[in-house]
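**Student:** here is a sequence together with a model predicted from it:
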Amino acid sequence: MKRALFAGMLSLFALTGCRWKAEKLPYLGEPEKITKVVDGKQVDELVYPTIPAFQFISQDSVPITEKSFDGKIYVADFFFVTCPTICPIMKKNMLNVYEAFKGAEDVRILSHTIDPSHDTPAVLKQYAKDLGITGPMWQFATGDREKIYDIGENHYLVTAGADSTAPGGYIHSGAFVLIDKEKHIRGQYDGTTEAGTNKLIADIKRLRDEYKND
């Protein structure tokens with residue numbers, strides 16, 4: 001009897017474990033319903049938005065585009081070098097993400113400055129050096145101010161812009177945004193907290209497992 005009960009518990013645990021592994025991270029954003037024909041029948045499908053084409057300039061003074069992240073999972077955020085409030089803690093937490101996946105070919109980080117007039121490629125290069133960043137994993141992007149604000153507000157779904165009443169003259173979200181290899185948003189995390197950062201690291205691992213198991 002005990003042996004049968006134990007075997008049943010093992011089976012239940014195995015089934016539960018399989019279901020847990022099969023769970024996927026959600027897709028964020030407002031989906032569009034499209035109708036397509038499958039096996040001669042019309043079916044409705046929800047299509048979630050993706051990060052559109054973009055072009056900025058990296059800390060290495062070279063163009064950085066959406067194609068730079070083809071086949072990559074990446075984390076996006078917004079900041080400015082002279083930020084007197086949340087940016088230092090965000091970058092400290094992002095360093096934990098960087099260290100967790102340093103050397104991984106399929107994981108990248110993209111930090112957009114919202115003060116491009118000050119944060120030139122040379123300034124961003126020094127900023128990355130001061131953080132101890134080497135190699136291509138963590139990219140810092142500057143460029144056209146309005147395009148940076150637009151991609152933040154309308155595509156990454158975070159706050160990013162100038163605000164004369166805010167400390168430092170700019171306002172931005174403290175969110176870390178997780179993007180999958182198809183450019184879908186799969187999560188947003190509080191980059192100002194250790195708990196939010198740890199959840200992001202865990203979800204990057206889950207997302208990598210999704211691709212391994214597909």
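**Tutor:** Cool, the structure landed. Numbering: from 1, shown residues only.
**Student:** what residue ranges in this structure score low on pLDDT?
**Tutor:** For the chain, the stretches flagged by pLDDT under 70 are 1-22.
**Student:** can you show me the strands along it?
**Tutor:** Using DSSP state E, the strands found in the chain span residues 32-38, 41-47, 55-58, 63-65, 73-79, 107-113, 138-142, 160-162, 170-172, 175-179, 185-190.
**Student:** so which of those is nearest Q126?
**Tutor:** Checking the strands of the chain against Q126 by CB to CB gives strand 138-142 as the closest, at 10.3 Å. Quick note: C-beta positions are derived from backbone N, CA and C, even for glycine.
**Student:** that closest one: which residues count as buried?
**Tutor:** For strand 138-142, the neighbour count (16 or more other CB atoms under 10 Å) marks W138, Q139, F140, A141, T142 as buried.
**Student:** how about residues contacting that strand?
**Tutor:** Strand 138-142 is contacted by residues 56-59, 64, 68, 94, 98, 108-113, 116, 119-121, 124-125, 127-128, 148 when judged by CB atoms under 8 Å, 6 or more residues apart in numbering.
**Student:** what of stretch 88-99?
**Tutor:** 75, 77, 79, 109, 111, 131-133, 137-138, 174, 176, 191-194, 196-197, 200-201, 204.
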